[in-house]
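Enquirer: pasting a predicted model and its sequence here:
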Amino acid sequence: MTGRPDPAANPAPDPAASAKASAEAEEASLFGLATVPPDRVAAYGDHRDQVVDFHLPPSEADPHHAPLVLLFHGGAWRAPYDRRHVSPFAAYLARRGFVVASVEYRRGGGQEHHAGRWPETLDDIAAAVDTVPGLARGLALPVDPARVVLAGHSAGGHAALWAAARHVLPPDCPWHLPAPPPVCGVVALAPIADFATARELRVCSDAVDQFLDGEAHHPERLPLADPAALLPTAVPTTVVQGATDIDVPPRVAEAFAGAARGAGQPVRLVRLASAGHFPLIDPTAPAARTVADEIAHAARKKREK
C-alpha cells in the first residue's frame with residue numbers, strides 16, 4: 001500500500017541547529033590544538049597579565065625585514081580565555097615570515113566570567129601598542145620598525161581597531177595620542193567593532209554591556225571604547241568576517257564598515273562564505289591562509305616615517 005510520505009519520519013533540517021553544530025565543531029577544532037610555546041616572553045608592565053609572547057620566523061628568513069604583528073586574542077574579554085588558544089595561529093604566522101607578538105591583557109573583573117575590566121583592559125592595550133615594538137628591538141628581534149601591523153580576533157579585533165583610533169579620542173582622555181599610531185595597517189578578524197549592533201544582537205552573552213560595566217550608569221564610556229564611534233582613523237583597515245559566524249555575526253562587521261564609509265574612510269571587508277568564528281585563527285582551516293595573506297598585504301606598504 002502506498003501513501004504520502006510521513007513528514008515526521010524525515011523532518012526538515014533545522015538551520016539553527018545545523019549552524020550551532022557547525023560552530024561547535026569549528027570551536028572544538030581550534031581548542032583541540034596543542035599550545036605552541038613562544039620563542040621569547042617579555043613584560044610590558046608590572047601586572048602578571050602585562051606580558052607578550054614572541055613567535056619568530058624560521059632562521060633562514062630575512063633577518064632584517066620581518067614585519068611585526070601585534071596580535072590580540074579574543075574571548076569576550078573574559079578571564080578564562082587567554083593568549084594560549086591563539087598560539088597555534090601565532091606560530092603559523094611566524095612560519096609565514098612574521099615576527100608575532102601575542103599580547104596578553106587584563107580580562108574579567110570581580111567575577112571570572114565578567115567581560116573585561118574598566119579601565120585596565122584599555123590601559124593594557126594602549127601600553128602594549130606603545131611598548132612592544134621597542135621591546136622587540138631591545139631583544140634584537142628581526143623586525144622592521146616601519147612595518148608594524150595590528151591584528152586581533154573577536155574582542156582582540158576590537159583591541160586592534162581601538163588601538164588604531166586613539167588619536168581620535170578627546171585630548172583629555174588618558175589613552176589619547178596626538179597622531180595616528182606608528183603602524184602600517186590593521187587586520188581585524190570577526191571583531192566586536194560596532195558596539196550598538198553587538199549590543200542589539202547580545203553578542204557573546206552581553207559582553208559589551210559587561211565590558212562597559214553598565215553603560216547606563218557610565219554613559220561617557222561608550223564613545224571612548226566603541227571603534228565605530230572613533231572614525232575616521234586614516235589607518236588602512238581590513239576586516240575579515242566569516243559569513244556563518246554566530247558568535248560575532250556579520251552584521252557587526254558590516255555596521256562598522258558602513259560607519260567607516262560614512263566617515264569618509266573606506267574599510268576593506270573580506271567575507272569568507274564558508275567560515276564561522278574560529279576558522280579565522282585555526283591554522284588547519286583554509287580561512288587562516290586568507291587571514292595571513294591579508295596581514296601580508298597590510299604589511300607590504302611601509303609606514304612613512
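Expert: Everything's here; your move.
Enquirer: what's the distance between the helix or strand of the chain with the lowest mean pLDDT and the middle of its chain?
Expert: Among the helices and strands of the chain, helix 15-31 carries the lowest confidence by mean pLDDT, DSSP states H and E, at a mean of 86. For helix 15-31, the distance between its averaged C-alpha position and the chain's averaged C-alpha position is 20 Å (CA atoms, centre = their mean, to the nearest Å).
Enquirer: and that helix, C-alpha only, in PDB?
Expert: Presented in PDB, the C-alpha positions along helix 15-31 are these (Å, rounded to 0.1, in the frame of the first residue of the first chain):
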ATOM      1  CA  PRO A  15      19.100  25.600  10.100                       C
ATOM      2  CA  ALA A  16      19.700  27.000  13.600                       C
ATOM      3  CA  ALA A  17      20.700  23.600  15.000                       C
ATOM      4  CA  SER A  18      22.900  22.900  11.900                       C
ATOM      5  CA  ALA A  19      24.700  26.300  12.400                       C
ATOM      6  CA  LYS A  20      25.200  25.600  16.100                       C
ATOM      7  CA  ALA A  21      26.600  22.200  15.400                       C
ATOM      8  CA  SER A  22      29.000  23.600  12.800                       C
ATOM      9  CA  ALA A  23      30.100  26.300  15.100                       C
ATOM     10  CA  GLU A  24      30.800  23.800  17.900                       C
ATOM     11  CA  ALA A  25      32.800  21.700  15.500                       C
ATOM     12  CA  GLU A  26      34.900  24.700  14.500                       C
ATOM     13  CA  GLU A  27      35.500  25.700  18.100                       C
ATOM     14  CA  ALA A  28      36.500  22.100  19.000                       C
ATOM     15  CA  SER A  29      39.000  22.100  16.100                       C
ATOM     16  CA  LEU A  30      40.700  25.300  17.400                       C
ATOM     17  CA  PHE A  31      40.700  24.400  21.100                       C
END
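Enquirer: which element follows that helix toward the C-terminus?
Expert: For helix 15-31, the succeeding helix or strand toward the C-terminus, using DSSP states H and E, is strand 40-43.
Enquirer: that next one pairs with which strands?
Expert: The partner list of strand 40-43 in its sheet, established with DSSP bridges, is strand 51-55 (antiparallel).
Enquirer: before we move on, back to that, report all helices and strands that the least confident helix or strand of the chain contacts.
Expert: Helix 15-31 sits against no helix or strand, with contacts defined as 3 or more CB pairs under 8 Å, 6 or more residues apart in numbering; DSSP states H and E. Just so you know, the C-beta spots here come from the backbone N, C-alpha and C atoms, and that holds for glycine as well.
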